[in-house]
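K.L.:
The following comprises the amino acid sequence and a computationally predicted model.
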Amino acid sequence: MTRYLSPLSCRAAQALGMVAFAATVIAAPPEGFVPLFNEKNLDGWHGHNPHDSVKVPLEKRDEAIASYQAAFLEHWSVENGELVNDGHGPYCTTDKAYGDIEFHLEYKTVALADSGIYLRGTPQVQIWDTTEAGGKWDRNADKGSGGLFNNSKDTPGQLPTAHADKPFGEWNSFKVTQLGARTTVVFNGQRVVDNAIMENYWDREKPLPATGPIHLQTHGGEIRWRDIYVREVPADEANAMLRGDDGALGFSPVFNGKDLTGWAGARDEYEVVDGAIVCKEGTGGNLYTEEVYSDYVVRLEFKLPPGGNNGLAIHYPGEGRPSTDGMTELQVLDDTAEKYNELDPRQYHGSIYGMVPAHRGYLRPVGAWNYQEVTIKGSTIKVELNGTVIVDADIAGITEFMDDKEHPGKDLRSGHFGLAGHKDPVMFRNIAIKRL
């Protein structure tokens, strides 16, 4: 990124020397990015240590955060256009919460310092002293900074793939991409974490929150930050980035974007509009592939109207109800609609209908395209929505069903893939399948 001086700053630099030069450097953000740090003061930031506040009852959380602000101002300052922490105090935290982002910053630190970048309020992209003298090789500090240190041991991304730290006194740069729970970290030009799932440190039974603040953590030594920029990634771009290249990844399209060639069942109840399969409003029925699949991954995009309801038929036998006579129906549902407030948890979006509830809160706003990837392998089903795994279950041993209604088809290990319409104009596009 470009760093430059205004004409006035240039004249001041000439008059006062390099001290003035350092004090008046202005950073130009990359195209599309906005600065999070104005290089003048702490506007837009506050102090917060989530490791402390998490212990406080929710109703007293704001009060606890307010109590950190005096220490925040004591230990964080701005010098020469740099955000500086002395190694103590609460973490520097954005006032705003973020979802899908690209995030840039540079930092410079000292021996024995330990730090990190918390995404969506969650630890962390690790920063530390990676030398043997730093005393943390027993915690894999020798592997370098940039890994998702708080992920479970030996999971993808937990350790960086390369040691890319620069010597003390030099500036290091991060580019972090966060799409759903998937994190990519480019550290000093090297991709050290590649599209790894970032775990929810606070509750490992749940996915990473859909939104949250950015924290700049610090303890143990001075750290300086500059060129802090963020770009919020729009839904369509995030979908494309999450998806990647279907062909290169072994996926084949099962919908040509023009007509229902290759599909059977309720063809009269569906139509193709603007490159998407749409269930005609007021009709329904099951539209399914002529092909039969066993283990596979299906990826698609869908758009819900307000209150929209549909489903993905998995191992559908071609007759009966996908939810019970097939292996299952995976719900496609506008969870935000008031009329669905009282549903069984096993009926909300992404749920294995009547058997396993999905984690909620990861749909994009109604009217936006969502990206979903479903993996069927034996008796296991994994649903990833917009980069976040909302279901990962083995249904072989399930014996408790919603309304005590049996699911005779749940043990089917092959069948058609399909759409289970429920009278709403839900749209589906870019449907592709990879056999496993």
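P.N.:
That came in fine, so what should we check first?

K.L.:
secondary structure class for Gly47?
P.N.:
strand (DSSP: H, G, I helix; E, B strand; the rest coil).

K.L.:
Hmm, it is touching Thr94, no?
P.N.:
No: in this structure, Gly47 is not within contact of Thr94 by Cβ atoms under 8 Å, at 11.6 Å. C-beta coordinates here come from the backbone N, C-alpha and C atoms, glycine included.

K.L.:
between the two, who's got more neighbours?
P.N.:
Gly47 (23 against 20; other Cβ atoms under 10 Å).

K.L.:
mind exporting stretch 395-404 as CSV, just the C-alpha atoms?
P.N.:
The C-alpha trace of stretch 395-404 is given here as CSV (Å, rounded to 0.1, in the frame of the first residue of the first chain):
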residue,chain,number,x,y,z
ILE,A,395,-28.0,-40.2,11.5
ALA,A,396,-27.5,-44.0,11.6
GLY,A,397,-28.2,-44.2,15.3
ILE,A,398,-31.0,-41.7,15.6
THR,A,399,-34.1,-43.2,17.2
GLU,A,400,-36.0,-40.0,18.3
PHE,A,401,-38.0,-38.2,15.7
MET,A,402,-40.1,-35.1,15.6
ASP,A,403,-43.7,-36.0,16.5
ASP,A,404,-42.5,-39.6,17.0
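
K.L.:
which of the residues in that stretch are buried?
P.N.:
Residues 395, 402 are the ones in stretch 395-404 that count as buried (16 or more other Cβ atoms under 10 Å).

K.L.:
Outside of that stretch itself, list whatever touches it.
P.N.:
327-328, 344, 346-347, 352-356, 378-381, 407, 410-411 (Cβ atoms under 8 Å, 6 or more residues apart in numbering).

K.L.:
repeat that for 7 Å
P.N.:
344, 346, 352, 354-356, 379, 381, 407, 410 (Cβ atoms under 7 Å, 6 or more residues apart in numbering).

K.L.:
Kindly report the same for stretch 169-180.
P.N.:
100-108, 117, 119, 125, 165-166, 183-188, 233, 238, 241-242, 386-388.

K.L.:
Take those and keep only those in strands.
P.N.:
Using DSSP state E, 101-108, 117, 119, 125, 183-187, 388 are the members of the contacts of stretch 169-180 that sit in strands.

K.L.:
So Ala358 sits against Lys382, correct?
P.N.:
No: if you go by Cβ atoms under 7 Å, Ala358 and Lys382 don't touch, sitting 10.9 Å apart.

K.L.:
These two - which one has more neighbours?
P.N.:
Between Ala358 and Lys382, Ala358 has the larger neighbour count (other Cβ under 10 Å), namely 24 against 15.

K.L.:
Which residues are in contact with each of Ala358 and Lys382?
P.N.:
Common neighbours of Ala358 and Lys382 (Cβ under 7 Å, 6+ apart) are Val391.

K.L.:
If the closest residue to Ile277 other than its chain neighbours is in a bridge, with which residues?
P.N.:
Nearest residue to Ile277, sequence neighbours excluded (Cβ to Cβ, 6 or more residues apart in numbering): Phe428, at 4.7 Å. Judged by DSSP bridges, the bridge partners of Phe428 are Ile277, Phe302.

K.L.:
quick one, what contacts Phe428?
P.N.:
276-277, 300, 302, 419.

K.L.:
Repeat the analysis, applying 8 Å as the threshold.
P.N.:
So Phe428 contacts 255, 276-278, 300-302, 310, 419 (Cβ under 8 Å, 6+ apart).

K.L.:
Just give me the closest of the contacts of stretch 395-404 to Gly144.
P.N.:
Ranked by distance to Gly144 (Cβ to Cβ), the contacts of stretch 395-404 are led by Ile381 at 36.3 Å.

K.L.:
hmm, back to that, mind putting the contacts of stretch 395-404 into JSON lines with secondary structure, distance to Thr261 and pLDDT?
P.N.:
Shown next, in JSON lines, are the contacts of stretch 395-404 (DSSP: H, G, I helix; E, B strand; the rest coil; distance: Cβ to Cβ, whole Å; pLDDT from 0 to 100):
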{"residue": "Asp344", "secondary structure": "coil", "distance to Thr261": "37", "pLDDT": "97"}
{"residue": "Arg346", "secondary structure": "helix", "distance to Thr261": "34", "pLDDT": "97"}
{"residue": "Ile352", "secondary structure": "strand", "distance to Thr261": "30", "pLDDT": "98"}
{"residue": "Gly354", "secondary structure": "coil", "distance to Thr261": "32", "pLDDT": "97"}
{"residue": "Met355", "secondary structure": "coil", "distance to Thr261": "33", "pLDDT": "97"}
{"residue": "Val356", "secondary structure": "strand", "distance to Thr261": "33", "pLDDT": "98"}
{"residue": "Ser379", "secondary structure": "coil", "distance to Thr261": "32", "pLDDT": "98"}
{"residue": "Ile381", "secondary structure": "strand", "distance to Thr261": "28", "pLDDT": "98"}
{"residue": "His407", "secondary structure": "coil", "distance to Thr261": "31", "pLDDT": "94"}
{"residue": "Lys410", "secondary structure": "coil", "distance to Thr261": "30", "pLDDT": "95"}
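
K.L.:
Okay then, goodbye and thanks.
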